[in-house]
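Engineer: Predicted model follows, preceded by the sequence.
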Amino acid sequence: MCVCSKSLKNNRERGAVLIMVLLIVALVAGLSIKFAGDYQLGMARAEARWHGAQARAYLFSGEGAAIKFLATDDANVDYREELWGQPVPIELPDSMGNILIAIEDANSSFNLNSILDPLDPEKGMLEPLRYKPAQRMFIRLLQALPSEQDPNVPLVKSPDEAAAILEAVVDWADPPDSPSGAGGAENDYYLSQPDPYQAANTPFRSIEELQMVRGVTPAIMKALRPLLCVLEPGERMNINTIPEILYRTINVSTDLTPLNQSQASALKAEVPSSGYYSSPSDFDVSWNKISGAGAADKELATKTRYFWLTTVVQIGDQRRVGRSLLQRGNPLFKVVRREESN
Ligand SMILES: [Ca+2]
C-alpha cells in the first residue's frame, strides 16, 4: 500500500469520528435543553402547589381569626356600622402576599325557606289569609323586582302572577303530588317538560334550585338572586341590614301589593338617630308613622344568627377565594357551610 492511500484512509476515519463527536454534542445539548425545560416546569409546578397549599392554609386561618373577632360582637343587635362591617386587609410578611377578610350579614336577604308552609285550602287564591305573612312578603317582593330594560316596569306585574309563582315554590318543596292550587306545580308539570325532571320535595339547599320552579324566568332569577338566602325556615331578615328594595315586602296583611318606591324610601328614612333599630318593636313606631294603616306583615329581626365570611388570599400569582357561612354560638361561631373558588 502506498503512503498516499494510507494517509487518505486516516483522514476519512478522522472525518467520521468528528461527525460522530458533533452528533453526540448536538444530542447532549438537545437533551440538556429538554431536561432544563422539564426541570423549570417541575419547579414552577412545585412552587404553584406550595403557594396553593399556603393560600388554603391562610383561608382556614382567616376563618379562625373571623370567629375569634365575631365572638366579641354584641349579640343583642346587629347593624353594618359595627366592627364586623368593616373589611380587614392584612399584608403578609416579606411581601409574600395579602389577605382580605370581609364579613356580611347572611340575614340581610330574604330566606327562601321561610315561605314553605302549607297554604290555607279554605281560602281562595289571592285571598290574603290563604298565605302566611312571609309568603305575602314574597308575593310583594316578586312585584317589586324591576325590569333590566326599564327600572320603572315591574318584572311580575300583578298579585295573581306573583301568587302563582309563590304556590309553585311551595309545591317544589312540599310532599309530592299535592299541588297547591291554580299556580301550583308538581311532578306531572316538570315531567312533561322537553327536558323532564322532578320537583325536589324538600326545603331549598341552594338559591339556584329556584330557577327550576315553574314561572321563575331567567330575568326573575337574575333579579332575585342577590336578594335571597337559604337558611333554616325560622330565620328572618334583619331590618338593620336589608337593602331598600326589601322594605317593599312590608305592607298591611290585607294588601298583596308591595309598598311603592317612595313609601319604601320614607320608611327607610325613619331609622332612629342611632342608625339602627334595637328591637322589632322599635320598628313598629316607624311603621305606624308612615302607614297609620294597622298591623303589617313584618317578619323581621334586629339581630343576626348567620354571617357570610369572604376570605381572599393572594400569594405570588396564586389567588384563592373562600366563603364560609358562620352560625352564631355562645360566644364562638361555628362554620356550617364552605364554598371555595379561584
Ligand atoms: Ca352585633
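Structural biologist: Cool, got the structure.
Engineer: So the spatially closest residue to residue 316 that is not a sequence neighbour, which state does it fall into?
Structural biologist: Spatial nearest neighbour of residue 316, chain neighbours left out: residue 51 (4.6 Å); criterion: C-beta to C-beta, 6 or more residues apart in numbering. In short, each C-beta sits where N, CA and C put it, glycine included. Judged by DSSP: H, G, I helix; E, B strand; the rest coil, the three-state class of residue 51 is helix.
Engineer: What is the neighbour count of residue 51?
Structural biologist: Neighbours of residue 51 under the rule other C-beta atoms under 10 Å: 20.
Engineer: again with residue 194
Structural biologist: When neighbours are counted by other C-beta under 10 Å, residue 194 comes out with 4.
Engineer: Please identify which helix or strand holds residue 222.
Structural biologist: Using DSSP states H and E, residue 222 sits within helix 218-224.
Engineer: for that helix, packing partners?
Structural biologist: Under the contact criterion of 3 or more C-beta pairs under 8 Å, 6 or more residues apart in numbering; DSSP states H and E, helix 218-224 touches helix 133-144.
Engineer: Restrict the helix it packs on to CA atoms and write it as CSV.
Structural biologist: What follows is helix 133-144, C-alpha atoms only, in CSV (Å, rounded to 0.1, in the frame of the first residue of the first chain):
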residue,chain,number,x,y,z
PRO,A,133,-97.0,36.6,56.5
ALA,A,134,-93.7,35.6,55.0
GLN,A,135,-95.5,34.3,51.9
ARG,A,136,-97.3,37.6,51.4
MET,A,137,-94.0,39.3,51.7
PHE,A,138,-92.5,37.1,48.9
ILE,A,139,-95.6,37.8,46.7
ARG,A,140,-94.8,41.5,47.2
LEU,A,141,-91.1,41.0,46.6
LEU,A,142,-91.8,39.5,43.2
GLN,A,143,-93.8,42.5,42.2
ALA,A,144,-91.1,44.9,43.4
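Engineer: Now the helix or strand following it: buried residues?
Structural biologist: Following helix 133-144 in sequence order, the next helix or strand is helix 159-173 (DSSP H and E). Within helix 159-173, the residues scored as buried using 16 or more other C-beta atoms under 10 Å are 159, 161-173.
Engineer: Just the CA trace of helix 159-173, in PDB.
Structural biologist: Coordinates of each C-alpha in helix 159-173 appear next as PDB, following Å, rounded to 0.1, in the frame of the first residue of the first chain:
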ATOM      1  CA  PRO A 159    -100.500  39.900  42.600                       C
ATOM      2  CA  ASP A 160    -102.000  36.900  40.800                       C
ATOM      3  CA  GLU A 161     -98.900  36.300  38.700                       C
ATOM      4  CA  ALA A 162     -96.800  36.600  41.800                       C
ATOM      5  CA  ALA A 163     -99.100  34.300  43.900                       C
ATOM      6  CA  ALA A 164     -98.900  31.700  41.100                       C
ATOM      7  CA  ILE A 165     -95.100  31.700  41.500                       C
ATOM      8  CA  LEU A 166     -95.300  31.500  45.300                       C
ATOM      9  CA  GLU A 167     -97.600  28.500  45.000                       C
ATOM     10  CA  ALA A 168     -95.200  26.700  42.700                       C
ATOM     11  CA  VAL A 169     -92.400  27.400  45.100                       C
ATOM     12  CA  VAL A 170     -94.400  25.900  48.000                       C
ATOM     13  CA  ASP A 171     -95.100  22.800  45.800                       C
ATOM     14  CA  TRP A 172     -91.500  22.500  44.800                       C
ATOM     15  CA  ALA A 173     -90.600  21.800  48.500                       C
END
